[in-house]
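S.K.: What would the 3D arrangement of this be:
(chains A and B)
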There are 2 protein chains.
Amino acid sequence: MTDDNNFLEAVEALVFDAFGTTVDWLTTVMREVARRSHGRIQEGSSDAEDFAREWRQGYMTTNQNIAKGAEGTLNSDIMHRDILDSMLASPRWSYLSSVWNESERQDLTLIWHHLDGFSDVTEGLERLKKHKIVVTLSNGNMRLLVDMAKHANLPWDAIFPGEMFGSFKPNPKLYHGAAYHLSLPPHKIAMVAAHIWDLRAAAEVGYKTIYVPRPVEDSPEIKAQLKTKKDGGEVDLIVKSFVELAEIVEGKN
Amino acid sequence: MTDDNNFLEAVEALVFDAFGTTVDWLTTVMREVARRSHGRIQEGSSDAEDFAREWRQGYMTTNQNIAKGAEGTLNSDIMHRDILDSMLASPRWSYLSSVWNESERQDLTLIWHHLDGFSDVTEGLERLKKHKIVVTLSNGNMRLLVDMAKHANLPWDAIFPGEMFGSFKPNPKLYHGAAYHLSLPPHKIAMVAAHIWDLRAAAEVGYKTIYVPRPVEDSPEIKAQLKTKKDGGEVDLIVKSFVELAEIVEGKN
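M.R.: Reported below is the predicted structural model:
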């Protein structure tokens, strides 16, 4: 019987998505928005969830437009702040607009720098980095990703923000740029993400692909249908956690 | 009595030079060149030292020319290899040219990825990163600096290679670029280096400056004359080691 995970032996670097794959934006943003709302939003409420999801969706949509060539800032802090201001000017959230002054809005925007990691992440990365180069390739800006790494204990070997390459995922510039800076051909790199769109874009330039399902990311339908190549699907490997990935890599080294 | 190191409280990021400040290129390159010379160069000999110094000097000169606007590769691996080939074609080292074939020359070039850290570096950085962002800003390329960090145990929060900014130190693009990616005004950043030329270029854009004398770097005359601003000199702080710097920072936090 052949081992379908032998591709990992040739892989020298693992490139991880950040938001939603490594850190849990939904739980952290829901909690912090409620806590800073001066009682206007209850912790764990649907308002807290809607607020967090709308902020995130605004960010995703803007990223995707810029990835396709639209004009816009390449700094995710500025983008997060612009989206926050637009939300607070909308009918749904206007009751909050007087709650947060300029400096509080600035602080609120920095929530995205201090997202909590999923529970498997620190251990998984510590173990993986003994065998492979582990980097994050994210649309977040450098300082955001540095703060995130310090807060959530993410021992990256290096941080590659979209801004470094002049665009955002899923623009191929980012995957090519990461391969360039790693001095590796794409087939020696595996992208690790909870988003199939990210893995598809990475595969397009020749990366191997590792899917980690996370509760908040991708629809249940996508997750149910996702299969490895061995099973007739499109990704190279599916793992439940970074620790499971570490176990597989350790078995190959 | 005022404490002249109060500037450190406002500093949020420490930006470290790599070669010669953090890692000991001379000892490592001397040793590895001798060991791989099939007996042609004795360990610890003046030939070993001359070879290492000439390779390094070629790199420094090329970097400086490119920093001033000359054409040339921005990838330090390619540069190190080109200089090696030139040396092996020169009268002084031509007796070695047949010793190393293509793949051995390639391996030899990778010595620069695996330089040993000075003995104070890992402990110092581990302690400093609890209080400040610690990054390396180096003319080495990304993969070289990633390998160096893994080999010498350098727990960087992020790695900024010259190539990321399209030039080399001491071109101001690099210091401005690092400040941009750290989202910090220059006066909240301190450059840490064993080279006064690096600190002067950093000060020029508004960084604070911390000098760490190392045996191989700068002449005895430069080191003897170097003074802090308090003593009428030009740098903000002089420390013997990264551990001494950590002690000072800890006292300020």
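
S.K.: Could you pick out the residues of the stretch 101-250 of chain A near chain B for me?
M.R.: Taking CB under 8 Å from any CB of the partner chain as the measure of proximity, the stretch 101-250 of chain A contacts chain B at A:129, A:133, A:135, A:141-143, A:145-146, A:149-150, A:155, A:157-159, A:161, A:163-164, A:181-184. (Each C-beta comes from the backbone N, C-alpha and C, glycine too.)

S.K.: so of the residues you listed, which ones are in helices?
M.R.: A:142-143, A:145-146, A:149-150, A:181-182 (DSSP state H).

S.K.: Can you pick out the most distant pair from these?
M.R.: A:150 and A:182 (22.7 Å; CB to CB).

S.K.: quick one: which of those two has more around it?
M.R.: Neighbour count, other CB atoms under 10 Å in any protein chain shown: between residue A:150 and residue A:182, residue A:182 has more, with 22 against 15.

S.K.: Leaving out sequence neighbours, find the closest residue to the more buried one.
M.R.: Leaving aside its sequence neighbours, residue A:182 sits nearest to residue A:13 (CB to CB, 6 or more residues apart in numbering or on different chains; 5.0 Å).

S.K.: Can you list phi and psi of the one you found for me?
M.R.: Per-residue torsions, residue A:13: phi -140, psi 140 (degrees, to the nearest 10).

S.K.: ok, it to residue B:61 distance?
M.R.: 32 Å (CB to CB, to the nearest Å).

S.K.: Could you point out the helix or strand that follows the one helix or strand in chain A whose mean pLDDT sits lowest?
M.R.: Lowest by mean pLDDT, DSSP states H and E among the helices and strands of chain A is helix A:220-225, with a mean of 93. Later in the chain than helix A:220-225, the nearest helix or strand by DSSP states H and E is strand A:237-238.

S.K.: So residue A:13 and residue B:61 - more neighbours on which side?
M.R.: residue A:13 (23 against 11).

S.K.: I'd guessed that one sits against residue A:129; true?
M.R.: No. Residue A:13 lies out of contact with residue A:129 (CB atoms under 8 Å); the separation is 10.4 Å.

S.K.: those strands in the stretch 1-150 of chain A, which residues are they?
M.R.: Here the stretch 1-150 of chain A has its strands, by DSSP state E, counting those that start in this stretch, at A:13-16, A:133-138.

S.K.: and the shortest one, what does it pack onto?
M.R.: In terms of contact count using 3 or more CB pairs under 8 Å, 6 or more residues apart in numbering or on different chains; DSSP states H and E, strand A:13-16 is assigned the packing partners strand A:133-138, helix A:172-182, strand A:189-193.

S.K.: Please work out which of the ones you listed is packed deepest.
M.R.: Of all these, strand A:189-193 carries the top mean neighbour count, a mean of 28, counting by mean count of other CB atoms under 10 Å in any protein chain shown.

S.K.: Name the residues that touch the helix or strand just after that strand?
M.R.: Past strand A:189-193, further along toward the C-terminus, the next helix or strand under DSSP H and E is helix A:196-204. The contact list for helix A:196-204, computed with CB atoms under 8 Å, 6 or more residues apart in numbering or on different chains, reads A:15, A:17, A:169-172, A:175, A:191, A:193, A:209-211, A:218, A:222, A:226, A:234-235.

S.K.: Narrow the residues you listed to those that are buried.
M.R.: Among the contacts of helix A:196-204, those scoring as buried are A:15, A:17, A:169-171, A:175, A:191, A:193, A:209-211, A:218, A:226, A:235 (criterion: 16 or more other CB atoms under 10 Å in any protein chain shown).

S.K.: Quick check: the farthest pair among the residues you listed?
M.R.: The widest separation within the buried ones among the contacts of helix A:196-204 (CB to CB) is 23.0 Å, between A:171 and A:226.

S.K.: Give me the buried stretch members for stretch A:42-52, please.
M.R.: Neighbour count says stretch A:42-52 has A:47-49, A:51-52 buried, by 16+ other CB under 10 Å.

S.K.: Okay, domains of chain A per the record?
M.R.: Structural domains assigned to chain A are A:6-24+A:116-251, A:25-113, following the TED database.

S.K.: residues near residue A:154, how many?
M.R.: Other residues near residue A:154 come to 22 when the count uses other CB under 10 Å.

S.K.: who touches it in this structure?
M.R.: With CB under 8 Å, 6+ apart, residue A:154 has these contacts: A:22-23, A:117, A:121-122, A:125, A:136, A:148.

S.K.: Generate a markdown table for the residues you listed, with distance to residue A:92 as supplementary columns.
M.R.: Below are the contacts of residue A:154 laid out as a markdown table (distance: CB to CB, whole Å):
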| residue | distance to residue A:92 |
| --- | --- |
| A:22 | 30 |
| A:23 | 26 |
| A:117 | 30 |
| A:121 | 33 |
| A:122 | 36 |
| A:125 | 38 |
| A:136 | 32 |
| A:148 | 28 |
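
S.K.: ranking the residues you listed by neighbours, who comes first?
M.R.: The most crowded member of these, judged by other CB under 10 Å, is residue A:22 (30 neighbours).

S.K.: so that residue makes contact with residue A:120?
M.R.: No. If you go by CB under 8 Å, residue A:22 and residue A:120 don't touch, sitting 9.9 Å apart.

S.K.: what residues are shared contacts of the two?
M.R.: Joint contacts of residue A:22 and residue A:120 (CB under 8 Å, 6+ apart) are residue A:242.

S.K.: List the buried residues for stretch A:146-162?
M.R.: Buried residues in stretch A:146-162, counted by 16+ other CB under 10 Å: A:146-149, A:152, A:154, A:156-162.

S.K.: Now the phi/psi pair for the residue nearest to residue A:65 when sequence neighbours are not counted, please.
M.R.: In space, and not counting its chain neighbours, residue A:65 is closest to residue A:72: 6.9 Å by CB to CB, 6+ apart. The phi and psi values for residue A:72, taken as degrees, to the nearest 10, are phi 160, psi 170.

S.K.: what's the neighbour count on residue A:72?
M.R.: Neighbours of residue A:72 (other CB under 10 Å): 13.

S.K.: you'd agree it is up against residue A:61?
M.R.: No. The pair residue A:72 and residue A:61 fails to qualify as a contact (CB under 8 Å) at a distance of 10.8 Å.

S.K.: Export the buried residues of stretch A:146-162 as a markdown table, with columns for distance to residue A:113 and pLDDT.
M.R.: Putting those into a markdown table (distance: CB to CB, whole Å; pLDDT from 0 to 100) gives the following:
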| residue | distance to residue A:113 | pLDDT |
| --- | --- | --- |
| A:146 | 8 | 98 |
| A:147 | 4 | 98 |
| A:148 | 6 | 98 |
| A:149 | 10 | 98 |
| A:152 | 10 | 98 |
| A:154 | 12 | 98 |
| A:156 | 15 | 98 |
| A:157 | 20 | 98 |
| A:158 | 18 | 98 |
| A:159 | 13 | 98 |
| A:160 | 17 | 98 |
| A:161 | 13 | 98 |
| A:162 | 16 | 96 |
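
S.K.: what two of those residues are the furthest from one another?
M.R.: The distance between the two most remote of those (CB to CB) is 19.2 Å, for A:152 and A:162.

S.K.: what about chain A, any weak spots by pLDDT?
M.R.: A:1-2 (pLDDT under 70).

S.K.: Could you check how far residue A:196 is from residue A:213?
M.R.: Remark: distance between residue A:196 and residue A:213 (CB to CB) = 10 Å.
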